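Enquirer: How does the following fold in three dimensions:
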Amino acid sequence: MLLHDSLGSVSLWRSFPARLACTLNRPVVAYDRLGYGRSAPYPGQLPPSFIDDEASSGFAALRERLGLARFMVLGHSVGGGMAANIAARHPDACDAMITVAAQAFTEPRTLAGIRTAERAFTAPGQMERLARHHGDKADWVLRAWVDTWHSEAFRHWRLDEALGGVRCPTLAVHGERDEYGSPQQPRRIAALTPGPDEPLMLADCGHVPHRECPERLIDGIAPFVAASTAS
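Expert: Below is the predicted model of the structure:
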């Protein structure tokens with residue numbers, strides 16, 4: 001199960017789900033969270049608890065609909081935090097967790113990167129590009145990202161509680177040039193979860209490995225999944 005980032009959608013995964021499914025020889029499911037992509041608009045403002053909430057809302061509904069007794073989760077960026085909450089709440093059903101460019105706490109690099117991106121969206125054509133994936137929800141998607149992370153409620157946000165509840169093998173993947181998170185982010189995830197003691201760092205890669213270096217990302221994921229299912 002793939003969980004997208006704050007500006008993400010099924011379409012923005014591009015060919016990654018199909019390529020991952022082919023390599024792993026197992027089904028891969030991606031979905032648009034409420035308010036994103038082709039899903040319905042979100043009713044109001046995104047609450048500060050949205051990372052925790054996904055485990056009992058969109059993900060829970062999809063899991064029930066698909067009849068998934070067991071699963072693995074892979075979350076990109078904020079989707080990694082959602083993956084941690086899902087894994088912690090379902091220790092007997094989640095076989096493995098992979099975080100990609102995920103945040104474990106709020107840090108200056110994250111907030112500065114979001115402000116830089118916000119300014120970039122004022123350039124001609126940028127909001128139109130976002131609207132190609134989110135339709136008339138594009139403004140809400142951008143504001144939900146920027147305003148939530150810069151809110152007072154998020155100033156001291158940490159993922160420690162969820163990470164401490166994860167019982168399945170975990171792989172933390174991070175680009176060495178990630179503009180939204182320092183290497184301390186995946187190191188924190190690796191330190192608080194079962195699995196490799198050190199994160200998988202991707203050289204010459206930024207915040208979106210599934211678009212910047214999909215083959216290297218899949219090459220890193222495949223042996224981890226094989227080892228997790230063999231144990």
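Enquirer: mean confidence for the longest helix seen in the chain?
Expert: Using DSSP state H, we find that the single longest helix of the chain is helix 214-230. The average pLDDT within helix 214-230 is 96.
Enquirer: can you check stretch 66-84 too?
Expert: Across stretch 66-84, the average pLDDT comes to 99.
Enquirer: Relative to the whole chain's centre, how far out is stretch 156-171?
Expert: Here stretch 156-171 is found 13 Å from its chain centre; the criterion is CA atoms, centre = their mean, to the nearest Å.
Enquirer: in this protein, which spans are strands?
Expert: 2-3, 71-76, 94-100, 170-175, 200-202 (DSSP state E).
Enquirer: for the chain, where's the lowest mean pLDDT among helices and strands?
Expert: helix 214-230 (a mean of 96; mean pLDDT, DSSP states H and E).
Enquirer: Buried residues, that one. List them.
Expert: Neighbour counts using 16 or more other CB atoms under 10 Å place P214, R216, L217, I218, G220, I221, F224, V225, S228 of helix 214-230 among the buried residues. Any C-beta I mention is one placed from the backbone N, CA and C, and that applies to glycine too.
Enquirer: Name the residue most distant from the centre of this protein?
Expert: For the chain, the residue at maximal distance from the C-alpha centroid (CA atoms, centre = their mean) is P124, at 27.8 Å.
Enquirer: Check the gap between that one and A131 for me.
Expert: Using CB to CB, to the nearest Å, we find P124 at a distance of 13 Å from A131.
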